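> this is the structure alone, sequence omitted:
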DNA sequence: AACAGTTTGTTTAATTCTTGACAAAGATGT
DNA sequence: ACATCTTTGTCAAGAATTAAACAAACTGTT
């Protein structure tokens, strides 16, 4: 690799940097120092400088960082300056909500199709795409070559589907099922959402707080 | 505190342990060793033993861990053996989908109310609760004392709402807005979901893979 | 009941991540 | 043009996390 591999911890912070820089830009900020950004984001200035430095020297001493330039650089690193074609598998409650709620174009994706087995939802419109039957999936993939997929199907269905999808050319999975998907294969990338785990973590937070309050009384 | 504080890294793994143990139990496993669990979960056995040991000695040498007991212990640590009353703020696409998709009772919560400002959705049924107008919120909180809230309202509304909700007795926030909420105040716990950041991370994964493939060719 | 085989809990070592420190570079004001 | 102030990039120290190693405890079998 041309650069030292970027650590996972840094990568997980990048989308948040990008988001904050977008807000700063929208609020008319032209420049920002690591110290000022650190205060807004609740990080140390040192960490911010070190994070940015993984990818090159974006700042200027005595001045700070140009907000628009820096945002552009991070956007580029995140692959947000292209649109990867994406499909939705499972157009139930959750799938539909995700598809209509997310601003795909600003996250580097273009939602071009949606599929389901349930005849009740086939034909339904989500934004400007309409839900197709699962038997049209192969033909659609051959034609339109989607590279990413959102998994909003039942867990068991997801497990069975993954291999097929990979054979159709899907390389990136945004997985909302309970199936704990691991990238495993080379050239495949996975982002597990696990909303249930997130809510469970909230339960822990609430619970541990209460305990420590009782103890501290 | 009675125990050394549990590190964040451990806490973030607990829900996943709980989930895997549930699957093992459902598949008839009575006992499991750290080695076997490590293979299933893609962790090291050492890490698993160390994680479990933060909370006490749950295993038995030469035998391993009793699946049901261990799951129960972790469930207790996570606060899953009680039901915290919870409300939904914002019953649009996403809010409705979350509310109907999540198995609240198995995550330690009980969804008892839903609120929105939009007259189009007021009165709509989500499972067995019906959406109420936001002006009924205060009265409802006084009466029913919810402790947790799901934020599925627009970002700007969320920022304004938080203080009010805290004054109504809400202590835990499951936040789906773009507002980057920090617990800040004592006795308040927050879980930010940030679906957008998750999708952005997927974009990075896809992008960085492609680059390294090109370089390695 | 004795022995071989497992597996935990725990200690120690290695690695990774975060923070603090500071020289060098440039900005700003006089 | 000069001096002062700011702020980066980077290095090194410190903290936290993960992995390896191993004695002690228990299982299961003969």
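Happy to help now that I have it. None of these values were measured; they are calculated from a predicted model.
> right, is stretch A:130-143 up against chain B?
No. Using C-beta under 8 Å from any C-beta of the partner chain, stretch A:130-143 stays clear of chain B, with a minimum separation of 14.9 Å. Just so you know, the C-beta spots here come from the backbone N, C-alpha and C atoms, and that holds for glycine as well.
> which other helices and strands does the longest helix that chain A contains contact?
Ranked by number of residues, the top helix in chain A under DSSP state H is helix A:195-216. On a contact count with 3 or more C-beta pairs under 8 Å, 6 or more residues apart in numbering or on different chains; DSSP states H and E, helix A:195-216 meets helix B:8-26, strand B:172-175, strand B:189-192.
> so which residues on chain A come close to DNA strand D?
Within reach of DNA strand D by C-beta under 7 Å from any atom of the strand, chain A has these residues: A:32-36, A:45-46, A:49-50, A:52-53, A:57-65.
> okay, buried residues for the longest helix of chain A please.
By 16 or more other C-beta atoms under 10 Å in any protein chain shown, the buried positions in helix A:195-216 come out as A:195-210.
> same thing with stretch A:71-88?
A:71-75, A:77-80, A:83-84, A:86-88.
> quick check: the farthest pair among these?
A:73 and A:88 (30.5 Å; C-beta to C-beta).
> now do the buried residues in the lengthiest strand in chain A.
If you go by DSSP state E, chain A has its longest strand at strand A:109-116. By 16+ other C-beta under 10 Å, the buried positions in strand A:109-116 come out as A:109, A:111-116.
> inside helices: which ones of the buried residues of stretch A:71-88?
Short answer: these in helices (DSSP H) are A:71-75, A:77.
> average pLDDT across stretch A:99-112?
Taken as a whole, stretch A:99-112 has an average pLDDT of 97.
> so how far is the helix or strand bottoming out on mean pLDDT in chain A from its chain's centroid?
None of the helices or strands of chain A scores lower by mean pLDDT, DSSP states H and E than helix A:195-216, at a mean of 84. Its chain's C-alpha centre and that of helix A:195-216 lie 26 Å apart, by C-alpha atoms, centre = their mean, to the nearest Å.
> hang on, the earlier thing: other SSEs contacting the longest strand of chain A?
strand A:84-89, helix A:93-101, strand A:129-133, helix A:137-144.
> re earlier: list buried residues within the residues of chain A next to DNA strand D.
A:32-34, A:36, A:49, A:52, A:59, A:64-65.
> quick revisit: partners of the longest strand of chain A, with directions?
Note on strand A:109-116: by DSSP bridges, its sheet partners are strand A:84-89 (parallel), strand A:129-133 (parallel).
> closest to residue B:191 out of those?
strand A:84-89 (25.0 Å).
> and the closest one, how far out from the chain middle?
13 Å.
> residue A:89 versus residue A:98, what's the distance?
11 Å (C-beta to C-beta, to the nearest Å).
> ok, now which ones touch residue A:204?
Listed by C-beta atoms under 8 Å, 6 or more residues apart in numbering or on different chains, the contact set of residue A:204 reads B:11, B:14-15, B:77-79.
> again with residue A:30
Residues in contact with residue A:30 (C-beta under 8 Å, 6+ apart) are A:66-68.
> where does chain A dip in pLDDT?
The model of chain A has pLDDT under 70 over residues A:1-4, A:212-217.
> and it, split by domain according to the record?
Structural domains assigned to chain A are A:8-77, A:84-197, following automatic domain parsing.
> now the ones you listed in JSON lines, with distance to residue B:122?
Below are the domains of chain A laid out as JSON lines (distance: least, C-beta to C-beta, whole Å):
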{"stretch": "domain A:8-77", "distance to residue B:122": "31"}
{"stretch": "domain A:84-197", "distance to residue B:122": "19"}
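> okay, the ones you listed, which one's buried deepest?
Highest mean neighbour count of the domains of chain A: domain A:84-197, a mean of 18 (counted as mean count of other C-beta atoms under 10 Å in any protein chain shown).
> and the residue of chain A closest to DNA strand C?
residue A:62 (2.8 Å; C-beta to the nearest atom of the strand).
> distance of that residue from residue A:33?
Separation of residue A:62 from residue A:33 (C-beta to C-beta): 10 Å.
> again, but for residue A:204
Residue A:204 is 36 Å from residue A:33, by C-beta to C-beta.
> would you turn the contacts of residue A:204 into CSV with distance to DNA strand C?
Formatted as CSV, these follow (distance: C-beta to the nearest atom of the strand, whole Å):
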residue, distance to DNA strand C
B:11, 15
B:14, 15
B:15, 20
B:77, 14
B:78, 18
B:79, 22
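> among these, which one sits closest to residue A:188?
Using C-beta to C-beta, those come closest to residue A:188 at residue B:15, 24.1 Å.
> residues contacting that closest one?
Per C-beta under 8 Å, 6+ apart, neighbours of residue B:15: A:194, A:196-198, A:200-201, A:204, B:78.
> try residue A:146
A:85-87, A:112-113, A:140, A:169-170.
> now residue A:31
Neighbours of residue A:31 in contact, by C-beta under 8 Å, 6+ apart: A:63-67.
> of the residues you listed, which pair is most distant in space?
A:63 and A:67 (11.7 Å).
> now, among the buried residues of strand A:109-116, which is nearest to residue A:189?
residue A:109 (12.9 Å).
> as CSV, the contacts of residue B:15 with distance to residue A:27 would be great.
Listed next are these as CSV, based on distance: C-beta to C-beta, whole Å:
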residue, distance to residue A:27
A:194, 33
A:196, 36
A:197, 34
A:198, 29
A:200, 35
A:201, 31
A:204, 35
B:78, 39
